[in-house]
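A.B. asks: below are the sequence and a predicted model; questions follow.
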Amino acid sequence: MKIKRIIAVFLAFIVVLFLSACFSGWRGMNEGEGRITINLGNTARAFVNLDNNEFLKFSHEITLMDSKKVIIKQEKFSGNKVSFNVPADSYTVTIKAYDDGGLRAYGITPNVNVINGQNKNTQVIMYSASEVNNMEELSAVFSEMSDISDTDAAREYYVLIKDTLNAVSDNINTINLRRGKITLIAETDVSIHTPMFNIYEESILQLGVKGMAGTIELIGSKDTRNPLIKVIGILEMNDGVTLKENLNNEGNGGAVLVCGMSAFFMHGGIITGNSAQKGGGVYLDVYGTFKMSGGVISGNTAAEYGGGVYIEQANFYKEGGGIIYGENSGSNANKAKEEGHAVFADGAGEEGDIVFMYRNKTLETGDNISCYLLSPPQMEFVGVWENINDNTFP
């Protein structure tokens, strides 16, 4: 009996220590002050293609944004290392490098957790970058990527949008990316009014990055025959980006047309208020790939099929997060005149089992009006498909 009592006291002591450690860690993230040290080492310069002496000639500007998106520090520094005492919190660290010609490099690292009484070492990887203030400058950056070397084509290039861009006033009809990878970023709320982006084979366009302070709206035309973005290469989309109000009156894909053997990765963002004949939000052509792990597709319309998404013998993966609204969702509803308000899938001619999955159940052909399967398509859903209202799933 005495041994049991000793064991019980010992276990209680262990539990108290464990809870105390957890509570101390929790307090450390929300109270007091810590230190953050940012190091611009060789890795930071890897994508800028400069040696150490050239890189250190740049003037650097650092911005620390806390978990409430409040900038608590913004100042210039020199050298390859800088430290600050800051309140304990989670920060997004942004560094810009300038020379006489303007912005040359940009780096951003989110979720840097500073704990009370501790020093947090972090590294910000810098990428070659430039600022653009009008559509002509943006078009020029994209065009210059056509002539880059194979080595540079493997590098990511950041473009900081400084102001609202208008294709009509600048007489720019299309923006073409033929090679390399470009990432569009913003530090304020900006919009790009353009008829069409073309992303060709061997090229990648990334819209936004995690931790980005600003937002980017790509606003289409109310009278066009084209999607907002035509993908023959790869398109990636993140939080803080909206594709909206493009009315493709005669073609397929209101916001995004994913051509065969190309891919669209939607990690976040919003696709809304677009329309087309098929695929008011997204049209996925034969052998194309669309992977959705976040974001929202809402309020799009199709004159025929697939208000939100139309899939033509292609690969659609729904991985965890993300919402595609169905018919009875109020102002968020995607709508189609024929079938498939949320998703229409035509897998005609494909062999094998149906792999369209919802909550680990297989949807049979034509099972409901918002997700209409014409014949077995090659699609796979992992996780929960959220918030498709008032549908009858098996």
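C.D. replies: Perfect, I can see it now.
A.B. asks: any low-confidence regions in the stretch 101-250 of the chain?
C.D. replies: 151, 153-154, 169-170 (pLDDT under 70).
A.B. asks: at 80 what do you get?
C.D. replies: Counting by pLDDT under 80, the stretch 101-250 of the chain contains low-confidence ranges at 101, 146, 148-155, 168-171, 194-195.
A.B. asks: run the chain-centre distance for the one helix or strand Tyr310 maps to.
C.D. replies: If you go by DSSP states H and E, Tyr310 is part of strand 309-312. Taking the mean of its C-alpha atoms, strand 309-312 sits 21 Å from the chain's own mean (CA atoms, centre = their mean, to the nearest Å).
A.B. asks: again with stretch 87-94
C.D. replies: 21 Å.
A.B. asks: what do you get for stretch 147-167?
C.D. replies: 16 Å.
A.B. asks: mind listing what's buried in it?
C.D. replies: Across stretch 147-167, burial judged by 16 or more other CB atoms under 10 Å covers 153, 155-162, 164-167. For the C-beta atoms, the positions are set from N, CA and C on the backbone; glycine is no exception.
A.B. asks: same thing with stretch 313-323?
C.D. replies: Gln313, Ala314, Asn315, Phe316, Lys318, Glu319, Gly321, Gly322, Ile323.
A.B. asks: just to revisit the earlier point, so which elements touch the strand holding Tyr310?
C.D. replies: strand 282-284, strand 343-346 (3 or more CB pairs under 8 Å, 6 or more residues apart in numbering; DSSP states H and E).
A.B. asks: make it 10 Å
C.D. replies: strand 256-258, strand 275-278, strand 282-284, strand 289-292, strand 301-305, strand 343-346, strand 371-375 (3 or more CB pairs under 10 Å, 6 or more residues apart in numbering; DSSP states H and E).
A.B. asks: might you report the residue contacts of the most centrally placed residue in the chain?
C.D. replies: For the chain, the residue sitting closest to the mean C-alpha position, by CA atoms, centre = their mean, is Asn238 at 1.2 Å. When contacts are counted by CB atoms under 10 Å, 6 or more residues apart in numbering, Asn238 touches 183, 185, 206-212, 216, 265-269, 294-295.
A.B. asks: just Gln74 next, same as before
C.D. replies: Glu61, Ile62, Thr63, Leu64, Met65, Thr94.
A.B. asks: that one: which element?
C.D. replies: strand 71-77.
A.B. asks: how about the CA coordinates for that strand, as CSV?
C.D. replies: Only the C-alpha atoms of strand 71-77 are listed here, as CSV (Å, rounded to 0.1, in the frame of the first residue of the first chain):
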residue,chain,number,x,y,z
ILE,A,71,4.6,46.1,-38.7
ILE,A,72,6.7,46.5,-35.5
LYS,A,73,10.0,47.2,-37.1
GLN,A,74,11.2,48.4,-40.5
GLU,A,75,14.7,49.7,-41.0
LYS,A,76,17.8,49.5,-43.2
PHE,A,77,20.9,47.6,-42.3
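A.B. asks: average pLDDT across the next helix or strand after that strand?
C.D. replies: Next helix or strand after strand 71-77 toward the C-terminus (DSSP H and E): strand 81-87. The average pLDDT within strand 81-87 is 92.
A.B. asks: can you tell me how far Asn198 sits from Val296?
C.D. replies: 25 Å (CB to CB, to the nearest Å).
A.B. asks: for the helices and strands packed on strand 309-312, give me a markdown table that also has mean neighbour count and distance to Glu137.
C.D. replies: Listed next are the helices and strands packed on strand 309-312 as a markdown table, based on neighbours: other CB atoms under 10 Å; distance: least, CB to CB, whole Å:
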| stretch | mean neighbour count | distance to Glu137 |
| --- | --- | --- |
| strand 256-258 | 29 | 24 |
| strand 275-278 | 25 | 30 |
| strand 282-284 | 33 | 29 |
| strand 289-292 | 22 | 31 |
| strand 301-305 | 22 | 34 |
| strand 343-346 | 28 | 38 |
| strand 371-375 | 20 | 43 |
